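1. Dropping the sequence and predicted coords here.
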Amino acid sequence: MLRPQDGPTRERRSLGGLWRLRLDPEGAGRTEGWWRSPLTAAVDIPVPASYNDIFPDATVRDHVGDAWYQTSVWAPARWAGERIVLRFDAATHRATAWINDTEVVTHEGGYTPFEADVTAHLRPGAENRVTVVVNNELTWESIPPGRIEERSDGRRTQRYFHDFFNYAGLHRPVWLYTTPRTHISDITVATGFEATTGVVDYRVDSTGEADTVRVALRDASGAEVATATGAVGTLRVPDVHPWAPGDGYLYELVATLSDTSGDIVDDYRQSVGVRTVETRGKQFLINGNPFYFKGFGKHEDAAVRGRGHDDVLMVHDFALLEWTGANSFRTSHYPYAEEVLDYADRHGVVVIDETAAVGLNLNIGGGVFKSGKVTTFSSDTIGERAQRTHLQAIRELVARDKNHPSVVLWSLANEPDNVQPEARDYFAPLAAETRRLDPTRPVAYVNALMGSPDQCAVTDLFDVVLLNRYYGWYFGPDDLAAAETELEAELRQWAERHDKPIVITEYGADTYPGLHSAVPSPWTEEYQTELLDVYHRVFDRVDAVVGEQIWHFADFATAPGVFRVDGNKKGVFTRERRPKSAAFSLRARWRKAD
């Protein structure tokens with residue numbers, strides 16, 4: 001799915017700003033037809049943003065069910081005759097939208113875009129009503145999963161199995177945009193090298209009748225370096241400037257459709273970074289060179305705005321990544337806004353791109369393993385319906401992010417149950433479909449501690465071993481000597497059993513900012529720093545480890561409760577992005593490594 005853009009044949013209009021919001025826990029709006037008229041009893045709500053923390057009201061924060069958004073937009077009269085599309089970059093976790101009185105689209109999944117051709121329903125040169133109902137309920141069929149509990153007092157509560165707050169709403173931009181009736185519908189690129197020549201294989205998909213497809217590749221100065229004719233082909237770039245970690249060099253592919261008279265019908269511009277990714281034994285290679293991941297797990301999370309995209313915060317976060325010396329991050333635990341990946345492309349930051357499949361493990365609660373064993377994969381819990389939803393989430397993720405050079409690895413799930421035999425039946429089709437959709441990138445999933453090298457039923461399905469490990473925190477807190485011994489022993493087992501690169505995608509300790517102790521103890525800044533030092537000593541001794549991504553970049557919100565003190569505090573930055581002591585220790589390590 002191509003993103004909206006302005007150009008010679010296209011125009012876009014942001015629908016960001018203040019909309020009207022009305023919560024609907026009883027679901028009355030669908031039967032009463034709230035989309036047919038202006039919302040009553042509604043309040044102003046900013047878009048994009050989560051709605052949960054905007055108002056000092058627990059019923060808003062903890063709302064379960066439908067939330068109705070509505071705005072009015074004038075469509076320019078010049079749009080008459082054009083194809084007009086309504087696009088949502090994300091609506092968490094599902095949505096149905098109307099233009100005026102007509103339903104135009106419905107979508108499942110909270111972190112990938114969806115759109116509808118509304119040409120027949122939008123009135124150019126007039127005011128139009130846009131209504132969307134967003135639903136935040138998680139079930140055994142959704143990704144991520146959850147369940148709704150009915151209380152004796154009639155209230156409905158949401159239970160979910162992931163350790164971050166279930167923010168909801170229109171988290172990302174909403175657009176109206178135009179294309180010609182005959183238009184480019186998709187572009188796919190795959191890149192490689194022949195010595196110093198860059199090779200760009202491309203495919204341009206189009207809708208409608210066009211006589212000629214032409215593509216041109218321009219370098220960063222705008223100079224044309226390669227051209228071709230045809231919907232499918234190959235461009236060769238002598239003395240190519242590769243995209244590489246720390247060097248986000250981008251070419252621009254310009255695709256045009258022309259009619260029989262040679263006039264341009266449609267035009268689209270796609271950024272291209274020429275690079276390769278592969279695993280070879282225990283190495284992870286970018287452009288044939290061994291790469292070591294240094295970075296974090298991150299969340300789209302901030303005070304007040306929740307998971308709403310914010311360019312100001314995005315640029316600041318990337319500046320802090322650079323300050324620490326980080327070269328990568330994981331989109332834990334869902335696809336991030338496309339603006340984030342664009343920025344990573346331009347700045348040479350490496351990304352592990354993850355689906356929203358978190359919480360597929362009923363034996364974990366808040367990062368801690370529960371006593372006893374519960375069946376995760378079954379017809380009554382996470383079964384075939386969830387697998388279908390998961391497959392669609394993978395298809396939408398790959399379709400959206402396939403052309404981003406920063407994305408080097410697909411992560412299909414975070415900490416799923418990987419021990420019970422049914423896990424293999426669940427994940428084998430997912431891994432196979434991902435490779436079919438994109439044979440150019442490795443595929444992985446993130447392993448929790450219960451899945452040791454001799455217990456995990458699915459490791460051989462994947463290309464990279466991604467491990468979340470919490471020795472010295474959830475397991476053996478306040479015993480860093482034991483943590484060092486146990487971590488090294490396990491990592492060596494992984495290295496001996498599997499000829500795959502290992503990336504530690506989570507490790508760390510909750511740390512309350514400003515809490516200090518002469519003798520490091522849990523929750524102090526000193527303990528966080530020393531725990532990270534322990535892990536780093538081990539990583540440096542195990543050659544199969546090709547990356548370290550700390551949990552977490554910044555403190556983030558979780559469901560209220562006594563287990564978390566104002567959220568998860570494992571960040572090396574506070575939620576306000578103030579550094580803890582560990583941030584300076586990391587900066588010394590990662591910048592020295594450069």
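-> Yep, that arrived.
2. In three-state terms, label the residue nearest the centre of the chain for me.
-> Geometric centre of the chain, nearest residue: residue 335, 1.4 Å, by C-alpha atoms, centre = their mean. Of the three states, residue 335 takes coil under DSSP: H, G, I helix; E, B strand; the rest coil.
3. Identify the residues contacting it.
-> Applying C-beta atoms under 8 Å, 6 or more residues apart in numbering to residue 335 gives the contacts 111, 112, 353, 354, 355, 356, 397, 400, 401. Any C-beta I mention is one placed from the backbone N, CA and C, and that applies to glycine too.
4. Backbone dihedrals for it, both of them.
-> Backbone geometry at residue 335, expressed as degrees, to the nearest 10, gives phi -60, psi 140.
5. what about it, distance to residue 250?
-> As judged by C-beta to C-beta, to the nearest Å, residue 335 and residue 250 stand 21 Å apart.
6. buried ones in stretch 69-87?
-> Using 16 or more other C-beta atoms under 10 Å as the test for burial, stretch 69-87 gives 69, 70, 71, 73, 75, 79, 82, 83, 84, 85, 86, 87.
7. Max pairwise distance over those: which two?
-> 69 and 82 (25.1 Å; C-beta to C-beta).
8. and residue 491, helix, strand or coil?
-> Put simply, residue 491 is helix when judged by three-state DSSP.
9. And for it, the neighbour number?
-> Close neighbours of residue 491, defined as other C-beta atoms under 10 Å, add up to 23.
10. What segments of the stretch 1-150 of the chain are helices?
-> 28-32, 58-61 (DSSP state H, counting those that start in this stretch).
11. my bad, should have said the stretch 301-450 of the chain
-> Per DSSP H, counting those that start in this stretch, the stretch 301-450 of the chain carries helices over the ranges 311-324, 338-347, 384-401, 422-437.
12. would you turn these into TSV with distance to residue 530 and mean neighbour count?
-> Putting these into TSV (distance: least, C-beta to C-beta, whole Å; neighbours: other C-beta atoms under 10 Å) gives the following:
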stretch	distance to residue 530	mean neighbour count
helix 311-324	18	16
helix 338-347	31	19
helix 384-401	37	19
helix 422-437	35	18
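13. now those in TSV, with distance to residue 508 and mean pLDDT?
-> Output for the helices of the stretch 301-450 of the chain, formatted as TSV (distance: least, C-beta to C-beta, whole Å; pLDDT from 0 to 100):
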stretch	distance to residue 508	mean pLDDT
helix 311-324	14	98
helix 338-347	22	98
helix 384-401	26	97
helix 422-437	26	96
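14. before we move on, back to that, identify the residue nearest the residue nearest to the centre of the chain in space, chain neighbours excluded?
-> Excluding the flanking residues, the one nearest residue 335 by C-beta to C-beta, 6 or more residues apart in numbering is residue 111, at 4.5 Å.
15. How about residue 308?
-> Leaving aside its sequence neighbours, residue 308 sits nearest to residue 49 (C-beta to C-beta, 6+ apart; 3.5 Å).
16. List the contacts of that neighbour.
-> Counted by C-beta under 8 Å, 6+ apart, residue 49 has contacts 169, 170, 171, 304, 305, 306, 308.
17. With distance to residue 522 as extra columns, can I get the helices of the stretch 301-450 of the chain in JSON lines?
-> Listed next are these as JSON lines, based on distance: least, C-beta to C-beta, whole Å:
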{"stretch": "helix 311-324", "distance to residue 522": "23"}
{"stretch": "helix 338-347", "distance to residue 522": "32"}
{"stretch": "helix 384-401", "distance to residue 522": "36"}
{"stretch": "helix 422-437", "distance to residue 522": "32"}
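18. and of those, who's closest to residue 587?
-> helix 311-324 (5.0 Å).
19. can you list the residues that contact the host helix or strand of residue 265?
-> Assigned by DSSP states H and E, residue 265 belongs to strand 264-272. Contacts to strand 264-272, defined as C-beta under 8 Å, 6+ apart, come from residues 2, 5, 7-10, 179-180, 182-184, 187, 189, 191, 200, 206, 210, 217, 250-259, 342, 345, 403, 405.
20. looking at this, residue 531 is in a helix?
-> Yes: the assignment for residue 531 by three-state DSSP puts it in a helix.
21. Go ahead and confirm it touches residue 473.
-> Yes: at 6.9 Å, residue 531 and residue 473 qualify as touching, with contact defined as C-beta atoms under 8 Å.
22. Need the residues touching each of those two.
-> Counting by C-beta under 8 Å, 6+ apart, the shared contacts of residue 531 and residue 473 are 508, 509.
23. those strands in the stretch 101-250 of the chain, which residues are they?
-> Here the stretch 101-250 of the chain has its strands, by DSSP state E, counting those that start in this stretch, at 102-108, 114-117, 126-135, 146-150, 156-160, 174-179, 183-194, 197-207, 212-218, 224-229, 232-237.
24. tell me the most buried of these?
-> When you average the neighbours per residue for each of the strands of the stretch 101-250 of the chain (mean count of other C-beta atoms under 10 Å), strand 174-179 leads with a mean of 23.
25. So for that one, mean pLDDT?
-> The average pLDDT within strand 174-179 is 97.
26. Any idea which helix or strand in this structure has the lowest mean pLDDT?
-> Within the chain, no helix or strand scores below strand 368-369, which has a mean of 55 by mean pLDDT, DSSP states H and E.
27. For the residue nearest to the centre of the chain, give me the pLDDT.
-> The model reports residue 335 with a pLDDT of 97.
28. any idea how far residue 356 is from it?
-> Residue 335 is 7 Å from residue 356, where distance means C-beta to C-beta.
29. Then residue 294?
-> Using C-beta to C-beta, residue 294 is found at 25 Å from residue 356.
30. same question, residue 90
-> Taking C-beta to C-beta as the measure, residue 90 falls 10 Å from residue 356.
31. shared neighbours, these two?
-> 110, 111.
32. and stretch 44-51, which residues are buried?
-> Neighbour-count burial for stretch 44-51 flags 45, 46, 47, 48, 49, 50, 51 (criterion: 16+ other C-beta under 10 Å).
33. ok, of those, which one's closest to residue 581?
-> Among those, residue 50 lies closest to residue 581 (C-beta to C-beta), at 30.4 Å.
34. Setting the sequence-adjacent residues aside, check what's closest to that closest one.
-> residue 306 (2.7 Å).
35. among the strands of the stretch 101-250 of the chain, which is nearest residue 590?
-> strand 183-194 (27.7 Å).
36. Partner strands of that closest one and their direction?
-> Strand 183-194 pairs in its sheet with strand 197-207 (antiparallel), by DSSP bridges.
37. what's the span of stretch 451-461 from first residue to last?
-> Its first and final residues considered, stretch 451-461 spans 14 Å by C-alpha to C-alpha, to the nearest Å.
38. and it, which residues are buried?
-> For stretch 451-461, the neighbour count (16+ other C-beta under 10 Å) marks 451, 453, 456, 457, 458, 459, 461 as buried.
39. Closest one to residue 558 out of these, please.
-> Residue 558 has its nearest neighbour among the buried residues of stretch 451-461 in residue 451, at 23.3 Å by C-beta to C-beta.
40. what bridges to residue 471?
-> Under DSSP bridges, the beta-bridge partners of residue 471 are residue 475.
41. ok, now which ones touch it?
-> By C-beta under 8 Å, 6+ apart, the residues touching residue 471 are 482, 483, 484, 486, 487.
42. what does residue 577 give?
-> Residue 577 makes contact with 316, 317, 320, 554, according to C-beta under 8 Å, 6+ apart.
43. my read is it is in a helix, agree?
-> No: read with three-state DSSP, residue 577 is coil and lies in no helix.
44. gap between it and residue 413?
-> Residue 577 sits 29 Å away from residue 413, going by C-beta to C-beta.
45. now swap in residue 506 and tell me
-> Counting by C-beta to C-beta, the gap from residue 506 to residue 413 is 14 Å.
46. and if you look at residue 244?
-> Counting by C-beta to C-beta, the gap from residue 244 to residue 413 is 29 Å.
47. Please identify which of the two sits among more neighbours.
-> Set residue 244 next to residue 413 and count neighbours by other C-beta under 10 Å: residue 413 wins out with 30 against 18.
48. tell me the contacts of that one?
-> 354, 355, 357, 358, 360, 390, 427, 445, 446.
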